[in-house]
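Chemist: Only the shape, not the letters, is given here:
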């Protein structure tokens, strides 16, 4: 063993600052890289071959690939992100509308169907009353 032990006070403040700075830049680089990859997949205007070429470029030469992608196609990245968010919001609103239908209206429709079945003679009075009680309560 060489006998040297590094303690916290042996690490200068400027060294800690540069370490934090490099970690921050590395995380920002990863975020940018993944945003570009997601944007490549999200773009419906590009064909599959063009997407494959962009991904190959991003994998083989990542720094240059991201830089070129942001320069060439970066202007519309925000628009595609907003469009995707709007599509997700519309799908969510449609789901809410579908699941939060007025249950009273559905019950009224079912009662109308029951009364039609009774009027045609398909249901007896007892069956009608049981089905009606089941719907109402």
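Modeler: Yep, that arrived. Only a predicted model underlies this, so the values are computations on that prediction, with no experimental measurement involved.
Chemist: For the protein, which residue occupies the most central location?
Modeler: Centrality entry for the chain: nearest residue to the mean C-alpha point is residue 88, 6.9 Å, by C-alpha atoms, centre = their mean.
Chemist: Mind pulling up the pLDDT for it?
Modeler: You'll see residue 88 listed with a pLDDT of 94.
Chemist: got it, and residue 48?
Modeler: According to the per-residue confidence, residue 48 scores 91 in pLDDT.
Chemist: So what's the residue count around it?
Modeler: By other C-beta atoms under 10 Å, the residues close to residue 48 number 7. C-betas here are computed from N, CA, C, even on glycine.
Chemist: repeat for residue 135
Modeler: Considering only other C-beta under 10 Å, residue 135 is surrounded by 14 other residues.
Chemist: Contacts for the one helix or strand it maps to, please.
Modeler: Taking DSSP states H and E as the definition, residue 135 sits inside helix 125-136. By C-beta atoms under 8 Å, 6 or more residues apart in numbering, the list of residues contacting helix 125-136 from outside reads 107, 110, 111, 114, 115, 117, 118, 123.
Chemist: My read is that residue 55 contacts residue 40, right?
Modeler: Yes. When contacts are counted by C-beta atoms under 8 Å, residue 55 is listed as touching residue 40 (6.1 Å).
Chemist: These two: which has the busier surroundings?
Modeler: Using other C-beta under 10 Å as the criterion, residue 55 and residue 40 rank with residue 40 on top: 19 against 15.
Chemist: name the element that one belongs to?
Modeler: Taking DSSP H and E as the criterion, the element that holds residue 40 is helix 13-42.
Chemist: Would you indicate which residues of that helix are buried?
Modeler: Across helix 13-42, burial judged by 16 or more other C-beta atoms under 10 Å covers 33, 36, 37, 39, 40.
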